[in-house]
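Trainee: coordinates only, sequence not included:
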């Protein structure tokens with residue numbers, strides 16, 4: 001079990017909690033499989049905390065809307081329980097946030113423990129001397145709270161993808177693009193060309209998938225919004241729609257959000273927006289991640305999409321977002337295929 005961590009805006013520090021009952025060690029519990037679905041959260045709070053400003057603030061943070069979806073969906077589905085009910089299967093939930101108001105806290109904290117009552121599990125405690133201090137502190141540190149909860153979900157998704165993956169697709173992507181990528185089980189190849197693959201996971205009422213493509217890198221201008229949009233529409237046209245002559249494209253009623261950032265030193269350009277079908281009526285959210293393979297001097301893009309007209313899309317999109325963490329490039333730590 002990883003140690004108890006105090007979340008800070010800039011740094012993290014190890015802290016102790018003495019004999020606090022919320023933080024009994026795993027030796028006292030059967031570490032069976034955790035319960036609950038991705039992005040569900042058990043929030044342990046009494047009636048005063050839940051019905052007052054503290055509860056309002058926690059709901060505002062945790063149920064704020066997921067960006068760029070066709071419909072409004074919360075970041076997390078909250079299930080509030082009283083402290084007296086936090087036991088048995090409830091305590092084994094994958095994501096737990098405990099409100100602990102106690103005068104012993106000289107300063108407020110957000111404490112994090114992993115695999116306390118089950119595995120994999122994250123237990124976050126908001127500790128403070130009173131409700132007002134807790135409310136102000138959690139609002140100030142809301143991004144840190146959301147980040148640690150999201151990272152827990154992401155790490156589970158990555159671990160599962162590396163354990164259960166399609167070896168044939170790993171080999172195909174490695175041969176075509178010169179990179180390693182764990183593609184989780186259930187995905188199937190739909191189409192391929194010299195510089196393009198389309199892979200999807202089909203369900204009775206929904207579909208999610210990604211296409212990957214590469215082309216020569218000519219300079220920084222290749223990673224601008226307009227260049228990425230042009231490349232996206234070129235390769236998205238290889239994905240056919242339901243009627244003859246129809247094909248995927250980028251919706252033009254909403255310009256995609258564009259951002260750049262680095263992950264472990266590698267520069268990524270992200271587009272997040274909506275796709276539709278030219279010549280037919282289909283659409284949904286997409287997110288694409290583009291970087292440069294410096295070994296081959298090529299631009300490479302992972303473009304992910306969801307089609308789910310009647311069902312929620314959040315969890316599908318989140319699982320696709322995690323795929324970029326299942327990619328490694330030449331020079332990165334080697335990936336295992338066995």
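Mentor: Perfect, thanks for sending it. Quick caveat: nothing in here was measured; it's all calculated off a predicted structure.
Trainee: who touches the biggest helix by length in the chain?
Mentor: Across the chain, the longest stretch assigned as helix under DSSP state H is helix 142-163. Helix 142-163 has contacts (CB atoms under 8 Å, 6 or more residues apart in numbering) with 7-9, 38-39, 41, 61-62, 75-76, 94-95, 97, 110, 112, 114, 120, 122, 124, 138, 182-184, 318-319, 322-323, 325-326, 336. For every residue, glycine as well, the C-beta is placed using N, CA and C.
Trainee: Okay, domains of the chain per the record?
Mentor: Structurally, the chain divides into domains by automatic domain parsing as follows: 5-161, 165-328.
Trainee: All the strands of the stretch 101-250 of the chain, residue numbers only.
Mentor: Remark: strands assigned in the stretch 101-250 of the chain by DSSP state E, counting those that start in this stretch are 109-114, 122-128, 180-181, 188-193, 196-202, 207-216, 247-250.
Trainee: give the contact list for residue 223.
Mentor: With contacts defined as CB under 8 Å, 6+ apart, residue 223 is in contact with 260, 267, 269, 290, 292, 299.
Trainee: sorry, back to before: save the strands of the stretch 101-250 of the chain as CSV, and put in mean pLDDT, mean neighbour count and distance to residue 274 too.
Mentor: Formatted as CSV, the strands of the stretch 101-250 of the chain follow (pLDDT from 0 to 100; neighbours: other CB atoms under 10 Å; distance: least, CB to CB, whole Å):
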stretch, mean pLDDT, mean neighbour count, distance to residue 274
strand 109-114, 97, 22, 35
strand 122-128, 98, 23, 32
strand 180-181, 96, 22, 25
strand 188-193, 97, 14, 21
strand 196-202, 97, 19, 18
strand 207-216, 98, 20, 15
strand 247-250, 97, 21, 8
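Trainee: that older thread, kindly give a single PyMOL line that selects the buried subset of the contacts of helix 142-163.
Mentor: Buried members of those, defined by 16 or more other CB atoms under 10 Å, are picked up in PyMOL with:
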select buried, resi 7+39+41+61+62+75+76+94+95+97+110+112+114+120+122+124+138+182+183+184+318+319+322+323+325+326
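Trainee: Now intersect the contacts of helix 142-163 with the helices, please.
Mentor: Using DSSP H, the contacts of helix 142-163 in helices are 61, 62, 138, 318, 319.
Trainee: Show me the two of those that sit farthest apart.
Mentor: 138 and 319 (27.4 Å; CB to CB).
Trainee: Return the distance of residue 117 relative to residue 196.
Mentor: For residue 117, the distance to residue 196 equals 46 Å [CB to CB, to the nearest Å].
Trainee: do the same with residue 140
Mentor: Where residue 196 is concerned, residue 140 sits at a distance of 46 Å (CB to CB).
Trainee: what does residue 128 give?
Mentor: 53 Å.
Trainee: same question, residue 80
Mentor: Separation of residue 80 from residue 196 (CB to CB) stands at 47 Å.
Trainee: Same check on residue 118?
Mentor: The span separating residue 118 from residue 196 equals 42 Å under the rule CB to CB.
Trainee: And residue 293, by the same measure?
Mentor: Residue 293 is 15 Å from residue 196, where distance means CB to CB.
Trainee: can you check residue 240 too?
Mentor: 13 Å.
Trainee: which residue packs closest to the residue lying farthest from the centre of the chain, ignoring adjacent ones?
Mentor: Centroid-distance maximum for the chain: residue 103 at 35.7 Å, with CA atoms, centre = their mean. Once flanking residues are discounted, residue 103 sits nearest to residue 129: 5.3 Å by CB to CB, 6 or more residues apart in numbering.
Trainee: okay, now the one you found: neighbour count?
Mentor: Residue 129: 15 surrounding residues under other CB atoms under 10 Å.
Trainee: quick one: low-confidence ranges for the stretch 201-338 of the chain?
Mentor: 333-338 (pLDDT under 70).
Trainee: how about the helices of it, start to end?
Mentor: Counting by DSSP state H, counting those that start in this stretch, the stretch 201-338 of the chain has helices at residues 225-236, 314-321.
Trainee: can you pull the buried residues of the first one?
Mentor: The neighbour-count criterion (16+ other CB under 10 Å) identifies 227, 228, 229, 231, 232, 233, 235, 236 as the buried residues of helix 225-236.
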